[in-house]
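S.K.: Predicted model, plus sequence, below.
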Amino acid sequence: MDRLQNIETFVRVAQTQSFAEAARQLRVAKSVVTTRIKQLEDYLGGPLFHRSTRVVRLSELGQAFLRDCTELVGRANDIVDQMRDVRGRPAGTLRVHALTGFVLGHFGALLRDFQARYPDIRLELMVSDAVVDPVQAGVDCALQIFPAASTELISRPLFPVRRVFCATPQYLAAHPEPQDPRDLHHHKLGLYSGYPTRDRWTFHRDGGELTTYLAAALLTNSVHLLREYALEHAGIVCLPTLVAGDEIRDGRLKVVLPAYQLSSFWLSAVYAGTSRNAFKLKLFMEHITDAFAKVPPWDGALIEKGVLPKELVEA
């Protein structure tokens, strides 16, 4: 019996609450997972799980066993990765879930440089705007602007995500430009559907706040569709500067209500504290923060032009 392998399998079943999902993530047959758990149960002299056709729950023995096991598995993998790094060749697969809005336009060069530095690390990247639990999704981390789905997860901020309302000069020439956030009610608005504040929008100016509720003519989970909608002169949209920075800088889009700031989110890496790829994940997060720093390049260019203020209002 490979005791450490069986313990790692136990931890994965406990985290996913599913033998089938644990098998998928470990890339083995479900029967292999079942065998490993049975071997461990035989060795310990009691059941680790209560199983039914629908539910897999930890037994009292399993609950007592889990905490030390997760720390053991995480530490074992970390030691192996660090020894590989000492030899100059960190290796293995790193699985990442990332927001579509971040990946398109900014991530290709980052991945190229990361793999040039660590050629033996294989990346698997899943892209969507869905909020995921990295453990349940079988990834090492999720790059997202949303709070962690569980208090058992760690959230490490990487860089701020600013948002602005903007429209084409052609649209603003044909419609009265808003001078106050409440003037937005008189325009066709394109809004992102995934923000946790939903229809409630808070604007900051000179230390004060103004809150209003906005109704969208176009509500979507795609910030890239919102950008296209704006570029068709269809209305005013709210976009992250990481998506609209180039268009604002070259004048195809103009920031509306420049005296007001929306609160900013942070793009964070959300991951389990016992990630089996903790060392590789650390290298990846450091690479992102080194590349984008506290002021990402797309914001730095707009600050330099005077389009964005230097100070940041956070959510």
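M.R.: Ah, there it is. Residues are numbered from 1 along each chain as shown.
S.K.: buried sites along stretch 100-115?
M.R.: By neighbour count on 16 or more other Cβ atoms under 10 Å, the buried set for stretch 100-115 is 101-103, 106-107, 110, 114. Heads up, the C-betas are built off the backbone N, CA and C, glycines and all.
S.K.: so can I have a markdown table of the residues you listed showing distance to Val127?
M.R.: What follows is the buried residues of stretch 100-115, written out as a markdown table (distance: Cβ to Cβ, whole Å):
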| residue | distance to Val127 |
| --- | --- |
| Gly101 | 10 |
| Phe102 | 9 |
| Val103 | 5 |
| His106 | 12 |
| Phe107 | 9 |
| Leu110 | 14 |
| Phe114 | 16 |
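S.K.: Which two of those residues have the greatest separation?
M.R.: Gly101 and Phe114 (19.7 Å; Cβ to Cβ).
S.K.: sorry, back to before: keep only those of the buried residues of stretch 100-115 that are in helices.
M.R.: Using DSSP state H, the members of these that fall within helices are 101-103, 110, 114.
S.K.: on that earlier part again, let's have the buried residues of stretch 100-115 in JSON lines, adding pLDDT and distance to Ala230.
M.R.: Below are the buried residues of stretch 100-115 laid out as JSON lines (pLDDT from 0 to 100; distance: Cβ to Cβ, whole Å):
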{"residue": "Gly101", "pLDDT": "79", "distance to Ala230": "14"}
{"residue": "Phe102", "pLDDT": "81", "distance to Ala230": "19"}
{"residue": "Val103", "pLDDT": "82", "distance to Ala230": "20"}
{"residue": "His106", "pLDDT": "80", "distance to Ala230": "19"}
{"residue": "Phe107", "pLDDT": "86", "distance to Ala230": "22"}
{"residue": "Leu110", "pLDDT": "91", "distance to Ala230": "26"}
{"residue": "Phe114", "pLDDT": "94", "distance to Ala230": "32"}
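S.K.: and which of those is nearest Tyr195?
M.R.: Gly101 (12.0 Å).
S.K.: my guess is the closest one meets His224, correct?
M.R.: Yes: using Cβ atoms under 8 Å, Gly101 is in contact with His224, at 6.9 Å.
S.K.: Give me the common contacts of these two.
M.R.: In terms of Cβ atoms under 8 Å, 6 or more residues apart in numbering, Gly101 and His224 are both contacted by the residues Val243.
S.K.: which residues sit in contact with the residue lying closest to Arg122 once chain neighbours are set aside?
M.R.: Spatial nearest neighbour of Arg122, excluding adjacent residues (Cβ to Cβ, 6 or more residues apart in numbering): Thr93 at 4.6 Å. Applying Cβ under 8 Å, 6+ apart, we find Thr93 in contact with 121-124, 277.
S.K.: Do a quick rundown of the helices in the protein.
M.R.: With DSSP H as the criterion, the chain has helices at 3-16, 19-26, 30-44, 60-86, 100-103, 108-117, 134-137, 169-174, 223-231, 241-249, 278-292, 297-304.
S.K.: That's all I had, so thanks and see you.
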